[in-house]
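Peer 1: curious how this folds, go ahead:
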Amino acid sequence: IVPEIYYLKNLVKIDLRHNYISGTVPSEIARLKLLRELNLYGNNISGSLPVELYSMQGLERLVIGRNQLTGIIVPEITGLARLRELHLGYNSITGYLPTSLGALVSLEFVNIRGNSMEG
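Peer 2: Below is the predicted model of the structure:
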């Protein structure tokens with residue numbers, strides 16, 4: 001993701017699905033305080049989601065399925081207070097679904113299929 005995008009303070013939606021983006025999700029994404037949707041589906045994104053991402057209280061839709069994400073879904077996901085849709089299917093995420101996910105009262109849809117989760 002080009003660094004210049006983080007200067008677009010009024011940005012509400014990023015849709016970069018089905019590109020050839022590689023690397024990790026940059027922590028600078030959290031600078032976009034008005035962002036409601038982040039769609040990075042079908043790229044080559046790897047690593048864990050940055051902790052800064054979980055401070056994006058206005059984010060409603062997080063779509064990062066069909067990438068190469070690793071790590072776990074951390075309890076800090078509750079920082080995404082307005083999250084309605086969580087799409088993390090077909091990555092390499094491990095661990096358990098955190099019980100703290102229940103605190104996301106706006107959550108309507110969760111897709112975590114195709115990972116290596118337990119429980």
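
Peer 1: and the residue positioned nearest the centre of the chain, how far from residue 70?
Peer 2: The C-alpha lying nearest the average C-alpha coordinate of the chain belongs to residue 62 (Cα atoms, centre = their mean; 4.5 Å). Applying Cβ to Cβ, to the nearest Å, the value for residue 62 to residue 70 is 17 Å. Where C-beta positions appear, they are placed from N, C-alpha and C, glycine not excepted.

Peer 1: residue 115 now?
Peer 2: Distance of residue 115 to residue 70, computed by Cβ to Cβ: 10 Å.

Peer 1: so residue 72 touches residue 91, yeah?
Peer 2: No: using Cβ atoms under 8 Å, residue 72 is not in contact with residue 91, being 11.3 Å away.

Peer 1: returning to what we had before: surely the residue nearest to the centre of the chain forms part of a strand?
Peer 2: Yes: under DSSP: H, G, I helix; E, B strand; the rest coil, residue 62 falls within a strand.

Peer 1: just checking, it touches residue 80?
Peer 2: Yes: contact status for residue 62 versus residue 80: in contact at 7.0 Å, counting by Cβ under 8 Å.

Peer 1: for the record, mean pLDDT for stretch 53-64?
Peer 2: The average pLDDT within stretch 53-64 is 97.

Peer 1: so where do the strands sit in the chain?
Peer 2: 13-15, 22-23, 37-39, 44-47, 61-63, 68-69, 85-87, 94-95, 109-111, 116-117 (DSSP state E).

Peer 1: before I go, just wanted to say thanks for your time.
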